[in-house]
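Trainee: Sequence below, structure please.
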Amino acid sequence: MIFSAEEITGGYSRADQILKGVTISADLGETVAILGPNGAGKSTFLKAVMGLLPRVEGTIYFDGRRIDGLRPKQVVEHGIGFVPQENNVFPSLSIHENLEIGGYLTSDTQRRIEEIFDCFPLLAKRRAEAARALSGGQRQILAMAITMVHASRMLLLDEPSAGLAPKAAGELFETIRQIAGCSIAVILVEQNALAALKTCDRAYILSAGSNHITGTGTELANDPNIRETFLGGRKY
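Mentor: All right, here's what the predicted structure looks like:
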């Protein structure tokens, strides 16, 4: 596994330990979903990986190197990117200008942008348009593309389908599968559990800041207890 986080404990203060021993791994070309109820620690885990929490215990390895304790800029330099749920594009700037900002820390920005355009023909076709002209789902795709300019090895996605119509969400999850197919590790936090399980290779369900159950998307979607708790009793 290129990424491994073991026994991660942390929060926003010493008295507020949201994560209580979370263990998660991912490999290149793999999509891993993190599911669970509100307050389970899903988004907090992503922030712990990115060095955005003031206090984290446990170990985080990426490509054989420890990255826990690094500053966010240093984590990004390892090829890891974080796409927040909201405010993740610059609406008044063009699509091309948004991608240029994503490459601020890289030395080969234009080459990476052209590679991104090859992956996302829609963005290439509309590169001169302002980001505000995109639909909600297209903006989320742009947000991932911005991050991919500098994050060539792993993407952390925080509820990418939030607020999207079902059709737009479906297109977004298809895009996530395509990204993983380019030998990028993808870890996504999602409230849309059914769609996430259809998309992911493996999933972790957290409860109260700890690992609850782990398995493949199909296994978890067909687990009657998981269906009842997270999928409203629906079968996969």
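Trainee: Where does the residue nearest to R127 when sequence neighbours are not counted fall, secondary structure wise?
Mentor: Leaving aside its sequence neighbours, R127 sits nearest to H96 (C-beta to C-beta, 6 or more residues apart in numbering; 4.4 Å). No exception for glycine: its C-beta is placed from N, CA and C like everyone else's. Under the criterion of DSSP states H and E, H96 resides in helix 95-102.
Trainee: Quick one: residues in contact with that helix.
Mentor: Helix 95-102 has contacts (C-beta atoms under 8 Å, 6 or more residues apart in numbering) with 89-90, 93, 109, 113, 116, 123, 126-131, 134, 142, 145-150.
Trainee: Run through the helices of this protein in chain order.
Mentor: Here the chain has its helices, by DSSP state H, at 42-49, 72-76, 95-102, 109-119, 121-125, 136-150, 166-180, 193-199, 217-221, 224-230.
Trainee: need these in JSON lines with mean pLDDT, can you?
Mentor: Formatted as JSON lines, the helices of the chain follow (pLDDT from 0 to 100):
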{"stretch": "helix 42-49", "mean pLDDT": "96"}
{"stretch": "helix 72-76", "mean pLDDT": "94"}
{"stretch": "helix 95-102", "mean pLDDT": "95"}
{"stretch": "helix 109-119", "mean pLDDT": "92"}
{"stretch": "helix 121-125", "mean pLDDT": "94"}
{"stretch": "helix 136-150", "mean pLDDT": "94"}
{"stretch": "helix 166-180", "mean pLDDT": "93"}
{"stretch": "helix 193-199", "mean pLDDT": "92"}
{"stretch": "helix 217-221", "mean pLDDT": "92"}
{"stretch": "helix 224-230", "mean pLDDT": "78"}
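Trainee: Adding distance to E6 and mean neighbour count, write these out as a markdown table.
Mentor: Putting the helices of the chain into a markdown table (distance: least, C-beta to C-beta, whole Å; neighbours: other C-beta atoms under 10 Å) gives the following:
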| stretch | distance to E6 | mean neighbour count |
| --- | --- | --- |
| helix 42-49 | 12 | 23 |
| helix 72-76 | 17 | 15 |
| helix 95-102 | 30 | 20 |
| helix 109-119 | 31 | 16 |
| helix 121-125 | 37 | 15 |
| helix 136-150 | 25 | 22 |
| helix 166-180 | 23 | 18 |
| helix 193-199 | 23 | 21 |
| helix 217-221 | 21 | 20 |
| helix 224-230 | 24 | 15 |
